[in-house]
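*Asks:* Sequence below, structure please.
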Amino acid sequence: MSLRKAVLQRITPLPSRTPSPSLPHEWTQSPDTEPVFPDLVQHQQQIHREPEPDEHIASRSKSPDSFMAPNGVVKRWRVNITDHAASLPSELATVSLSGTVKRDPDLWFEDGNIVLLCRDTAFRVYRGLLTRHSVIFRDLFSMAQPSASETMESCPVVHISDPPDDLRHLLRVLCGTRKFPVIPGERMEFAELAALIRMSHKYHVEDLHSRAMHHLKLYFTNDLAIWDTAGVDGNLFLHITPPDAIAAVNLARLTHADSVLPTALYLCCQLDAELTAGVERADGSTERLEPKDLELVLRGRTELVRASTRGACTICRPAPSAQCAGKGCERALREILNMMLDGLQKDPIGDIAGYAALDSWEHWIEDVVELWPLCEPCRAMLHARDLDVRRDVWKRLPQYMGVVVEDWKDPTVSATPTK
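*Replies:* Below is the predicted model:
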């Protein structure tokens with residue numbers, strides 16, 4: 001490979017080169033929220049009784065947004081189990097155990113007083129501890145009045161329909177066998193953080209939910225300065241892989257965390273096969289984008305290609321620095337521009353005009369000035385232009401991704417433009 005061709009290649013990971021297909025203007029919109037217990041909704045539909053004249057008037061008047069605190073954390077609400085006793089699904093009642101059930105080795109306390117059964121895994125834990133943290137657990141346990149035959153080692157058994165791994169992550173934190181938040185440098189796997197967010201949201205463990213969302217927003221941030229401190233594999237607290245961006249989008253939708261969406265959707269734009277095929281979870285289910293979010297990603301790719309092209313032309317503009325101290329800088333800048341345009345013509349959606357519009361050009365700049373030397377002021381000017389381009393992309397990222405974020409931080413407000 002010639003040196004001229006080599007410098008066209010950016011050192012950052014290559015984004016997908018697949019062009020964005022055309023899409024119908026309207027996609028079927030899926031619900032923004034899911035019921036806490038899907039089986040509960042199905043079972044309620046099978047119950048037919050005439051309501052009292054004033055029954056549930058207050059509950060009908062509340063929208064999902066009325067449960068949201070200003071900081072985005074779901075407010076606690078009371079669940080009146082007495083009014084809804086008949087509609088509890090069978091999965092939430094106590095059941096008899098079979099010989100296929102195994103104890104969880106880490107969450108089986110000999111002095112525990114309740115057993116939670118998830119599929120074929122049993123957790124013996126403390127009823128009082130769980131009810132102190134979760135109103136959902138408290139009301140759930142208040143309905144569990146098993147007979148003597150529905151026990152395990154003298155403990156009542158309650159069947160929970162969640163995946164065992166998700167419940168295990170939640171119980172480890174609540175029972176104190178897992179320290180959370182983690183210490184800097186002791187990175188948590190994204191799958192564990194995602195499980196904590198889903199479960200703390202479902203069971204209204206508000207303090208844990210707030211801490212878990214804080215960790216999520218340290219990576220999927222609204223601040224370019226924080227974004228630049230992280231790497232492609234996470235930060236000091238979190239280990240992440242590129243396909244985890246799909247789950248991040250779904251978590252943002254679940255918890256109404258709009259500030260997570262621009263960077264999560266941006267990282268989804270960099271995916272290839274996972275974007276449509278989804279990612280398999282530990283429990284065998286598949287994490288996929290909703291159709292409306294897939295549409296946002298495909299449309300966002302087009303905007304990112306345009307932004308990358310504009311950025312490349314801005315950085316390579318053949319105008320020397322006002323402090324230029326070299327006689328050949330203007331000619332060198334023209335050669336750099338011609339080389340960039342030549343590469344853009346050969347590969348329209350490639351390294352120069354790809355989907356990774358937030359990637360820095362600093363390595364590329366250092367490579368090209370080896371071919372066409374520039375004075376120090378002109379070299380510094382190219383790096384300053386690179387930073388200005390990235391700031392502009394960050395400012396417009398919510399718009400590119402098709403979302404509205406009220407608290408998105410604009411890095412260009414206090415920045416001085418570079419000529």
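*Asks:* Now do the helices in the stretch 301-419 of the chain.
*Replies:* Taking DSSP state H, counting those that start in this stretch as the test, the helices found in the stretch 301-419 of the chain are 329-346, 362-371, 376-401.
*Asks:* what's the spacing between the last one and its chain's center?
*Replies:* What that stands for is helix 376-401. 25 Å (C-alpha atoms, centre = their mean, to the nearest Å).
*Asks:* swap in the first one?
*Replies:* Relative to its parent chain, helix 329-346 has a centroid offset of 38 Å by C-alpha atoms, centre = their mean.
*Asks:* contacts for it?
*Replies:* Identification of contacts with helix 329-346 by C-beta atoms under 8 Å, 6 or more residues apart in numbering yields 4, 7-8, 309, 312-313, 316-321, 324, 350-353, 368-369, 371-375, 378. Yep, even glycine has a C-beta here, placed from its N, CA and C like the rest.
*Asks:* Would you mark the buried spots in stretch 120-138?
*Replies:* 121-127, 129-131, 133-138 (16 or more other C-beta atoms under 10 Å).
*Asks:* oh sorry, the question was meant for stretch 404-413
*Replies:* 405, 408, 411.
*Asks:* Closest one to residue 258 out of those residues, please.
*Replies:* residue 405 (5.0 Å; C-beta to C-beta).
*Asks:* all strands of the stretch 201-350 of the chain, in order?
*Replies:* 238-239, 279-280, 286-287 (DSSP state E, counting those that start in this stretch).
*Asks:* Highest mean neighbour count out of these?
*Replies:* Of all the strands of the stretch 201-350 of the chain, strand 238-239 carries the top mean neighbour count, a mean of 18, counting by mean count of other C-beta atoms under 10 Å.
*Asks:* who does that one touch, helix- and strand-wise?
*Replies:* strand 188-189, helix 190-202, helix 206-219 (3 or more C-beta pairs under 8 Å, 6 or more residues apart in numbering; DSSP states H and E).
*Asks:* per-residue confidence averaged over that strand?
*Replies:* Strand 238-239 shows a mean pLDDT of 94.
*Asks:* from the middle of its chain, how far away would that strand be?
*Replies:* The answer for strand 238-239 is 12 Å, by C-alpha atoms, centre = their mean.
*Asks:* Could you do stretch 272-279 as well?
*Replies:* Counting by C-alpha atoms, centre = their mean, stretch 272-279 comes out at 15 Å from the chain centroid.
*Asks:* So for it, mean pLDDT?
*Replies:* pLDDT averaged over stretch 272-279 gives 93.
*Asks:* For it, output the C-alpha coordinates as PDB.
*Replies:* Taking Å, rounded to 0.1, in the frame of the first residue of the first chain, the C-alpha atoms of stretch 272-279 are listed here in PDB:
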ATOM      1  CA  ASP A 272     -23.600  -3.800  11.200                       C
ATOM      2  CA  ALA A 273     -25.600  -7.100  11.500                       C
ATOM      3  CA  GLU A 274     -26.600  -6.600  15.100                       C
ATOM      4  CA  LEU A 275     -28.700  -3.600  14.100                       C
ATOM      5  CA  THR A 276     -31.300  -5.700  12.500                       C
ATOM      6  CA  ALA A 277     -30.600  -9.100  14.000                       C
ATOM      7  CA  GLY A 278     -30.500  -7.900  17.600                       C
ATOM      8  CA  VAL A 279     -28.300  -9.200  20.500                       C
END
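*Asks:* I appreciate the help and will end here.
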